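> Need coordinates for the below:
(chains A and B)
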Amino acid sequence: NAGVTQTPKFQVLKTGQSMTLQCAQDMNHEYMSWYRQDPGMGLRLIHYSVGAGITDQGEVPNGYNVSRSTTEDFPLRLLSAAPSQTSVYFCAAGLREGITQYFGPGTRLTVL
Amino acid sequence: KQEVTQIPAALSVPEGENLVLNCSFTDSAIYNLQWFRQDPGKGLTSLLLIQSSQREQTSGRLNASLDKSSGRSTLYIAASQPGDSATYLCALGTGANNLFFGTGTRLTVIP
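I've put the predicted structure just below:
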């Protein structure tokens, strides 16, 4: 039982490049979410999903896309990377919102 | 919009000391409050979850309290150990599929 896994752990992109951050969970939790963590700021919600086929925007969704084709996977796509997207990205899973959320180890992204 | 503040931003204490971390929030219409621990380069680990109808939760040496009317929560750590050194985050759930996080308190326990 690995919990929540994220790949890659580190990534460097050039402005304008696209990429997908992977998130997978083996707990069969319906609720998954993506947060970004920036220095001096709390974690902020990017997108979330309450089940396969259902996604919605969080507080800072611009520049990111998500999809949820299975319960297990919730990838985050950067369409055209910008330096402002330099951050640490965390994926979380939980039975539902309001219950303990389990976080992945994070992906540190640098956009040059 | 919910604003969450954690003071102090950093705290150093000698091993064995009892300590209190503070979390304040502006909107008392919360669903729950969670305390997380974050180790450098690692993800978040949930420590305690308090539902809005509860006043406190305890787990081992940790005790978290919630006072919605004053917009405050505290995390009490008894008999601190060097292994407790980490950043502690509080997060408020509003029932709208969003957790509002504070910026954290970085705790160092000195042996």
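
> CA only for contacts and neighbour counts going forward, please
Fine.

> If I follow the layout properly, A:Thr55 ends up in contact with A:Arg68?
Yes. Taking contacts as Cα atoms under 8 Å, A:Thr55 lies within contact range of A:Arg68: 7.0 Å.

> list the residues that contact both of these two?
In the contact map built from Cα atoms under 8 Å, 6 or more residues apart in numbering or on different chains, the residues linked to both A:Thr55 and A:Arg68 are A:Ser49.

> Let's see the pLDDT reported for the closest residue to A:Glu30 other than its chain neighbours.
Leaving out its chain neighbours, the residue that sits closest to A:Glu30 by Cα to Cα, 6 or more residues apart in numbering or on different chains is A:Gly51, at 4.8 Å. pLDDT recorded at A:Gly51 is 91.

> can you tell me which residues contact A:Gly51?
The neighbours of A:Gly51, taking Cα under 8 Å, 6+ apart as the test, are A:30-32, A:68, A:71.

> And what about A:Arg96, helix, strand or coil?
Taken by DSSP: H, G, I helix; E, B strand; the rest coil, the conformation at A:Arg96 corresponds to coil.

> confidence score at the closest residue to it other than its chain neighbours?
If the residues on either side of it in the chain are set aside, A:Arg96 comes closest to A:Tyr31, at 5.0 Å by Cα to Cα, 6+ apart. The model reports A:Tyr31 with a pLDDT of 91.

> from what I can see A:Tyr31 touches A:Ile99, true?
No. Under the criterion of Cα under 8 Å, A:Tyr31 is not in contact with A:Ile99, lying 9.7 Å apart.

> Looking at the two, which one has more neighbours?
For A:Tyr31 against A:Ile99, the residue with the higher neighbour count under other Cα atoms under 10 Å in any protein chain shown is A:Tyr31, and the figures read 23 against 18.

> just checking, next helix/strand downstream of the helix or strand of chain B with the lowest mean pLDDT?
Here the helix or strand of chain B ranked lowest by mean pLDDT, DSSP states H and E is strand B:99-101, holding a mean of 89. Counting by DSSP states H and E, the next helix or strand C-terminal to strand B:99-101 is strand B:105-110.

> Would you tell me whether that following strand gets close to chain A?
No. Strand B:105-110 lies apart from chain A when judged by Cα under 8 Å from any Cα of the partner chain; the minimum separation is 11.1 Å.
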